[in-house]
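Undergrad: Could you look at this predicted model? Sequence included:
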Amino acid sequence: MISIIIPVYNQADKITRTLESLVKQTYQDFEVIIVNDGSKDNLDGALEKFLHTTKSNNTFFIVHQQNHGAPSARNNGWRKSRGGYLLFCDADATLVPQALELMLAELGAHPEASYVYSSFMWGGKLFKLGPFDGAKLQQAPYIHTMSLIRKSDFPASGWDESIKKLQDWDLWLTMLEQGHGGTWIDKVLFKVLPGGTISSWLPAAAYKLFPFLPAVQKYNQAVKIVKTKHGLI
């Protein structure tokens, strides 16, 4: 079984689309753990409406916590999960119907891999991530949070709740240090709506040409924090 963990903060207007994409999956052996990270919008109302009007044989859990951030919410959901696989799903993402089936099959075909990731769309922009490369991963982040992970290989420490930005990069580096790598599916398996955590994306050239921009400075500081933690500076 796959445990799909969705941290949510003030995304009542988006999460229904995410949940609808899960119900339409061709692979249906999963549970959904929605962690409400202290939302102040009508999230409970949106979830109640969805569950009341949707026919599904899957189990949906709703967990409430005070606002502590996405890493804390993900850890809360992970600790309550029952599946052998973990998918940390964003509340502003929609999956193609074959996403779970394809990711699970890819892990079955690559027993040496601890997780599988795919390319994705952010609005109208394609992020074509490329094959797994540990050396490349140590240099810069390129693997999205929404990867299917073998629970047995997930770090016992969970997500580092002190990391405020590039949390997925920190997780993949931690797993790399523990001997766990990934494998890539050369397909777009999900789409992210603009306006979430990746909303500050800038073209790669901007980071070289405009180092004075606040967004670039914030990103570079986050890179330094993660690299320092993992001894990459």
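TA: That came through fine. Numbering: from 1, shown residues only.
Undergrad: Show the residue spans covered by the strands in the protein.
TA: Secondary structure of the chain (DSSP state E): strands at 2-8, 30-37, 59-65, 85-88, 93-95, 115-122, 125-127, 148-150, 182-192.
Undergrad: right, so those strands: which one is the most enclosed?
TA: The highest mean neighbour count among these, using mean count of other Cβ atoms under 10 Å, belongs to strand 2-8: a mean of 26. Yep, even glycine has a C-beta here, placed from its N, CA and C like the rest.
Undergrad: now what about that one, what contacts it?
TA: 15, 18, 22, 27, 29-37, 39, 43, 70, 73-74, 77-78, 81-91, 100, 104, 148, 151 (Cβ atoms under 8 Å, 6 or more residues apart in numbering).
Undergrad: If you count neighbours, what's buried in stretch 137-154?
TA: For stretch 137-154, burial by neighbour count (16 or more other Cβ atoms under 10 Å) applies to 137-138, 141-151, 154.
Undergrad: Now do it, average pLDDT.
TA: Mean per-residue pLDDT for stretch 137-154: 97.
Undergrad: cool, and stretch 93-105?
TA: Taken as a whole, stretch 93-105 has an average pLDDT of 98.
Undergrad: how long is it end to end?
TA: Start and end residues of stretch 93-105 are separated by 21 Å (Cα to Cα, to the nearest Å).
Undergrad: same question, stretch 122-136
TA: Using Cα to Cα, one end of stretch 122-136 lies 22 Å from the other.
Undergrad: same check, this time on stretch 128-138
TA: End-to-end distance for stretch 128-138: 18 Å, by Cα to Cα.
Undergrad: Might you calculate how far that stretch sits from the centre of the chain?
TA: How far stretch 128-138 lies from its chain's middle: 17 Å, per Cα atoms, centre = their mean, to the nearest Å.
Undergrad: what comes up buried for that stretch?
TA: 129, 132, 137, 138.
Undergrad: ok, back up a step: dump the buried residues of stretch 137-154 into CSV; add distance to residue 229 as well.
TA: Converted to CSV, the buried residues of stretch 137-154 look like this (distance: Cβ to Cβ, whole Å):
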residue, distance to residue 229
137, 14
138, 12
141, 13
142, 18
143, 17
144, 20
145, 18
146, 23
147, 20
148, 25
149, 20
150, 23
151, 24
154, 18
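Undergrad: Quick check: of those, which lies closest to residue 220?
TA: residue 141 (12.5 Å; Cβ to Cβ).
Undergrad: Please name the nearest non-neighbouring residue to the closest one.
TA: Nearest in space to residue 141, with sequence neighbours left out and distances taken as Cβ to Cβ, 6 or more residues apart in numbering, is residue 169 at 3.5 Å.
Undergrad: How many residues are close by residue 67?
TA: 13 (other Cβ atoms under 10 Å).
Undergrad: which ones are touching the residue nearest to residue 141?
TA: 137, 140, 141, 143, 226.
Undergrad: what about it, distance to residue 91?
TA: 20 Å (Cβ to Cβ, to the nearest Å).
Undergrad: Could you do residue 18 as well?
TA: As judged by Cβ to Cβ, residue 18 and residue 91 stand 6 Å apart.
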